[in-house]
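Trainee: everything below, folded, please.
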Amino acid sequence: MVDTGTDPCTPALAAVAKPDKAADQPLGEFDRIARYFRPLAQGFPGAQGLRDDAAYVTVPPGKELVVTTDAMVAGVHFFPDDAPGLVASKLLRTNLSDLAAKGAEPLAYSLVTSLPRTLPEDWLAGFAGGLAADQAEFGIHLLGGDSTVTDGPITLAISALGLIDAGTAVRRVGAGPGDLVFVTGTIGDATLGLALVRQRKGPVPEDDRQFLLDRFYRPRPRLGVGPVLRAGATASADVSDGLLADLGHIVRESGLVAVVEAGRIPLSPPARRMLSGHACTITDLATGGEDYEVVFTVPPAKRAAVMAAAAKAKLTITEIGSLRPLAAGGGFTDGTGPARLVDAMGRDITPRAAGWQHF
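Mentor: Residues are numbered from 1 along each chain as shown. The predicted structure follows:
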């Protein structure tokens, strides 16, 4: 486990029952639910206190329900010895990022856990504490789920529900030729944080190290981006697999080519220092994934409105490129997808792999 100096989940542990060290017998399935997960359902009446086989969700008039699901597996999405509170935080926040990319507000979530029999109860307590901390921060509640045992690695899944005004969701499809490409926040921090966990990077100032590790372990879902998207975005996606990969999903849906200018990709000061020190390349940062920012497209006529909405929301957005008709993609070298990266001279520097793929 990487020691980041503080445990961000500690304040929430008081809301979740602690394991009884004196108990001789491990808790059964329903005792686990009662001790660790029922407190997380308080405040959402439709959860029925996790005493029913289903939850009940009322959608207010004029609203639509947005649903997303993400899973995490030990050894694939997180390290087996990562702090359980951080695992919980990342699991919930990755789902919230998907809601953010549609402009939705969080409502509730269901949780499925597949855990080894030998997993210490302290792990479950820390995991529930991490969920409690983020529920308090993001205003979302547990509404139900399932728990199973596995002989394999820890496997976790969340389905998150959000609300949005009917007819206002910004989808992947909808971008048009000439649209501008924007992205929130900064790109590449989580990639560098992962490299630090794996000790693949040289000496890094301690403040930079802590910043990058925090970005890897605790992504910031951009839930405030909704008004910005509604001000004029034509398509959007969260950046989970890599900036080029996820932008590629957008333009592929519309039969276009995206051209991203490498020099305009927003980088944090720690990432810039590592880039200037040749500890990484801009293609590493553009394809590494797990940024959980939002990339979106905007017609030029809507640029001013989108910028004004971002300023009002106090959200940093950066224009990084534009979309072209597919036929205009000629002249590029044979790349891996419809999102292309160019240098300051306009030369194609698109890497073969645009981002993470499971298969």
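
Trainee: report how many residues lie close to the nearest residue to residue 282 once chain neighbours are set aside.
Mentor: Leaving aside its chain neighbours, residue 282 sits nearest to residue 262 (4.7 Å; criterion: Cβ to Cβ, 6 or more residues apart in numbering). All C-beta spots, glycine's among them, are computed from the backbone N, C-alpha and C. By other Cβ atoms under 10 Å, the residues close to residue 262 number 19.

Trainee: residue 262 against residue 346, yeah?
Mentor: No: between residue 262 and residue 346 there is no contact under Cβ atoms under 8 Å: 10.5 Å.

Trainee: coming back round to it: gap between the residue nearest to residue 282 and residue 341?
Mentor: Taking Cβ to Cβ, to the nearest Å as the measure, residue 262 falls 6 Å from residue 341.

Trainee: equivalent analysis for residue 55, please.
Mentor: Counting by Cβ to Cβ - residue 55 and residue 341 are separated by 44 Å.

Trainee: show me which of the two is the more surrounded one.
Mentor: Neighbours were counted for residue 55 and for residue 341 using other Cβ under 10 Å; residue 341 has more, 27 against 19.

Trainee: Three-state assignment for the more buried one, please.
Mentor: Applying DSSP: H, G, I helix; E, B strand; the rest coil to residue 341 yields a three-state assignment of strand.

Trainee: hey, what's it bridged with?
Mentor: With DSSP bridges applied, residue 341 shows beta-bridge pairing to residue 260.

Trainee: my guess is it contacts residue 247, does it?
Mentor: No: counting by Cβ under 8 Å, residue 341 does not reach residue 247; the two are 10.0 Å apart.

Trainee: which neighbours do those two share?
Mentor: residue 260 (Cβ atoms under 8 Å, 6 or more residues apart in numbering).

Trainee: just for the protein, where's the confidence low?
Mentor: Residue ranges of the chain with pLDDT under 70: 1-26, 200-202, 327-337, 353-359.

Trainee: cutoff 80 now
Mentor: 1-31, 199-203, 326-337, 351-359 (pLDDT under 80).

Trainee: mind listing the strands in it by residue range?
Mentor: 63-73, 105-115, 141-149, 155-165, 180-184, 235-238, 256-261, 294-298, 317-325, 339-342 (DSSP state E).

Trainee: what helices or strands is the third one leaning on?
Mentor: The reference is to strand 141-149. The criterion is 3 or more Cβ pairs under 8 Å, 6 or more residues apart in numbering; DSSP states H and E, and the helices and strands that strand 141-149 contacts are helix 38-41, strand 105-115, helix 121-138.

Trainee: how about a cut-off of 10 Å?
Mentor: Secondary-structure packing of strand 141-149 (3 or more Cβ pairs under 10 Å, 6 or more residues apart in numbering; DSSP states H and E): helix 29-32, helix 38-41, strand 105-115, helix 121-138, strand 155-165.

Trainee: in CSV, list those along with distance to residue 59.
Mentor: Converted to CSV, the helices and strands packed on strand 141-149 look like this (distance: least, Cβ to Cβ, whole Å):
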stretch, distance to residue 59
helix 29-32, 30
helix 38-41, 19
strand 105-115, 9
helix 121-138, 19
strand 155-165, 7
